[in-house]
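K.L.:
Need coordinates for the below:
(4 chains, ligands or ions: 4)
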There are 2 protein chains.
Amino acid sequence: MPTISKENYLKSIYSLNLTYGESVSTSQVAMKLEITNAATSEMARKLAKQGYLHYEKYKGVELTEKGRKIALQIIRRHRLWEVFLIKVLGLSWSEVHDEAEKLEHNTSEELINKIDKHLNYPEFDPHGHPIPNEKGEIPQMPVLVSLLEATVGKNYKIFRVADESSELIEYLTKLNLFLYQDIKIIEKLSFDNSIIVQVNGTNHSLSEKVAEKVSVSILK
Amino acid sequence: MPTISKENYLKSIYSLNLTYGESVSTSQVAMKLEITNAATSEMARKLAKQGYLHYEKYKGVELTEKGRKIALQIIRRHRLWEVFLIKVLGLSWSEVHDEAEKLEHNTSEELINKIDKHLNYPEFDPHGHPIPNEKGEIPQMPVLVSLLEATVGKNYKIFRVADESSELIEYLTKLNLFLYQDIKIIEKLSFDNSIIVQVNGTNHSLSEKVAEKVSVSILK
DNA sequence: TTTCCAAGTTAAGCATGCCTAACATAAAAG
DNA sequence: CTTTTATGTTAGGCATGCTTAACTTGGAAA
Ligand SMILES: [Mn+2]
Ligand SMILES: [Mn+2]
Ligand SMILES: [Mn+2]
Ligand SMILES: [Mn+2]
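P.N.:
Numbering: from 1, shown residues only, chains lettered A, B, ... in the order given. Ligands and ions are numbered 1, 2, ... in the order given. Sure, this is the predicted structure:
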């Protein structure tokens, strides 16, 4: 097992690679982790020697399969913890990231699998990011639309809320508009662009301002 | 905030003091933490300098109020995590200690308070140890008896199970004999020392072997 | 009382992971 | 092409927390 520090390097490299493609420069990593280039160069050498990545001086780093596997494991833990903290313990969206940043390094395989099961194997975290499964497989991102663009009469699943303010989240939670909740679009009122949605048999009206922040994926 | 290492020292010193009283020798701490005396002596000097304990060469250490406060905080986190992992996530009793040993150092005040609330402020952990509250106050230990010594017709709360094998725990769990569960003693059969207990209106028979391992506290 | 030994401490050294400062390189500007 | 500059690397140093080996110390045994 790599150290906490190394886990953070591997995770950062993985996500920088996703964002910018190709090989990742040591200074990109330094920036992301808020440490000096010097520290990153040094660590690149060590991680390469231990087989987690390929590193050629002045040419950046690229994860090996071994390194990618660790990165995905940490990302899995991070995202499952975020879902868990929000859905089970009621932490606010603004709090969970920092909390998960520490927990991700201190969670056994058994524990994270129990959490996964308890949450009924969610595929996406509260920010809409995919959660790798136990085997490291990444779920395909569904096509998302905002509630404003949803079609009357069809069923959708709530997927993401663009605004992380706890005010909006709490408002939606009171209406049972949880993350992953299935809903049906009942009506769209053209005079104010508000939308009537059905949740567990109950109808709620959402204003245009609220609806545009809720991303949903179509069901079936 | 002290480091993880320092938190573990303070916690160990606290519990050694509870067990053996008076000042704690550096080698007792070394034994408990499975490190050398040398490391402990050195750390004692540092912790004293930072005001967490009093230390006189060759005379052992004694926590200051500041050190005690940290120790109780870590113990609180450890025990709440243990309860949480068992009751909410269904980990086995044998797994939770090691897991909690890491989580206790990576849990914010806000998170542990949410966990506390979610569990409805338990006063004792699965081993029967008291859980300090948010203010660091330690609940009074109730008088415990084994189920074998319980009185017919009276109500009790399940407090502790002496055997940590998951087999026994799972058996009890199937009968709804959870930790903290209220039960009533219906009958004691003298020919085999088995006991009939009532849980949520349902009666169950427990053998002598099982009953002797279940500790309960009397209610009202 | 003196001696001896277990308990405890100090010294020196190592691994990790970071820093600053000095240096090297590649690529852009001239 | 050369020169400049931004990017990246190496060297040296420091804090933490551990080790082994050498040393004190205080109290029990003689
Ligand atoms: Mn996050
Ligand atoms: Mn992290
Ligand atoms: Mn424990
Ligand atoms: Mn610990």
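
K.L.:
Contacts only, for A:Asp182.
P.N.:
A:Asn155, A:Tyr156, A:Lys157, A:Ile158, A:Leu219 (Cβ atoms under 8 Å, 6 or more residues apart in numbering or on different chains). C-betas here are computed from N, CA, C, even on glycine.

K.L.:
where exactly do the strands run in chain A?
P.N.:
A:53-55, A:61-63, A:144-146, A:155-161, A:182-189, A:194-199, A:202-206, A:214-218 (DSSP state E).

K.L.:
Could you identify which of those is most buried?
P.N.:
strand A:61-63 (a mean of 22; mean count of other Cβ atoms under 10 Å in any protein chain shown).

K.L.:
so where is chain A shaky, pLDDT-wise?
P.N.:
A:164-166 (pLDDT under 70).

K.L.:
Spell out which parts of it neighbour chain B.
P.N.:
Proximity of chain A to chain B, by Cβ under 8 Å from any Cβ of the partner chain, involves residues A:85, A:88-91, A:95, A:98-99, A:102-103, A:105-108, A:110-111, A:114-115, A:118.

K.L.:
redo that, cut-off 7 Å
P.N.:
Within chain A, the residues that sit near chain B (Cβ under 7 Å from any Cβ of the partner chain) are A:89-91, A:95, A:99, A:102-103, A:106, A:108, A:110-111, A:114-115, A:118.

K.L.:
Between these, identify the one with the most neighbours.
P.N.:
Counting by other Cβ atoms under 10 Å in any protein chain shown, A:Leu103 has the largest number of neighbours within these, with 25 neighbours.

K.L.:
circling back to that earlier point, would you list the residues of chain A next to chain B in JSON lines and tack on distance to B:Leu10?
P.N.:
Formatted as JSON lines, the residues of chain A next to chain B follow (distance: Cβ to Cβ, whole Å):
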{"residue": "A:Leu89", "distance to B:Leu10": "26"}
{"residue": "A:Gly90", "distance to B:Leu10": "30"}
{"residue": "A:Leu91", "distance to B:Leu10": "27"}
{"residue": "A:Glu95", "distance to B:Leu10": "26"}
{"residue": "A:Glu99", "distance to B:Leu10": "23"}
{"residue": "A:Lys102", "distance to B:Leu10": "19"}
{"residue": "A:Leu103", "distance to B:Leu10": "22"}
{"residue": "A:Asn106", "distance to B:Leu10": "19"}
{"residue": "A:Ser108", "distance to B:Leu10": "25"}
{"residue": "A:Glu110", "distance to B:Leu10": "28"}
{"residue": "A:Leu111", "distance to B:Leu10": "25"}
{"residue": "A:Lys114", "distance to B:Leu10": "30"}
{"residue": "A:Ile115", "distance to B:Leu10": "29"}
{"residue": "A:His118", "distance to B:Leu10": "32"}
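
K.L.:
Widest-spaced pair of those residues?
P.N.:
Greatest spacing in the residues of chain A next to chain B, by Cβ to Cβ: A:Glu95 and A:Glu110 (25.3 Å).

K.L.:
what about A:Leu144, distance to A:Pro132?
P.N.:
Remark: distance between A:Leu144 and A:Pro132 (Cβ to Cβ, to the nearest Å) = 19 Å.

K.L.:
domain assignment for chain A?
P.N.:
A:4-63, A:78-141, A:144-218 (automatic domain parsing).

K.L.:
Find the residue at the geometric middle of chain A.
P.N.:
A:His129 (3.2 Å; Cα atoms, centre = their mean).

K.L.:
show me what contacts the nearest residue to A:Leu219 once chain neighbours are set aside?
P.N.:
Nearest non-adjacent residue to A:Leu219, counting by Cβ to Cβ, 6 or more residues apart in numbering or on different chains: A:Asn155, 4.2 Å away. Neighbouring residues of A:Asn155 by Cβ atoms under 7 Å, 6 or more residues apart in numbering or on different chains: A:Asp182, A:Lys184, A:Leu219, A:Lys220.

K.L.:
Please apply the same query to A:Trp81.
P.N.:
A:Ala100, A:Leu103, A:Glu104.

K.L.:
ditto for A:Gly60
P.N.:
A:Ser23, A:Val24, A:Ser25, A:Thr26.

K.L.:
Could I get these in JSON lines, plus columns for distance to ligand 2?
P.N.:
Below are those laid out as JSON lines (distance: Cβ to the ion, whole Å):
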{"residue": "A:Ser23", "distance to ligand 2": "23"}
{"residue": "A:Val24", "distance to ligand 2": "17"}
{"residue": "A:Ser25", "distance to ligand 2": "21"}
{"residue": "A:Thr26", "distance to ligand 2": "19"}
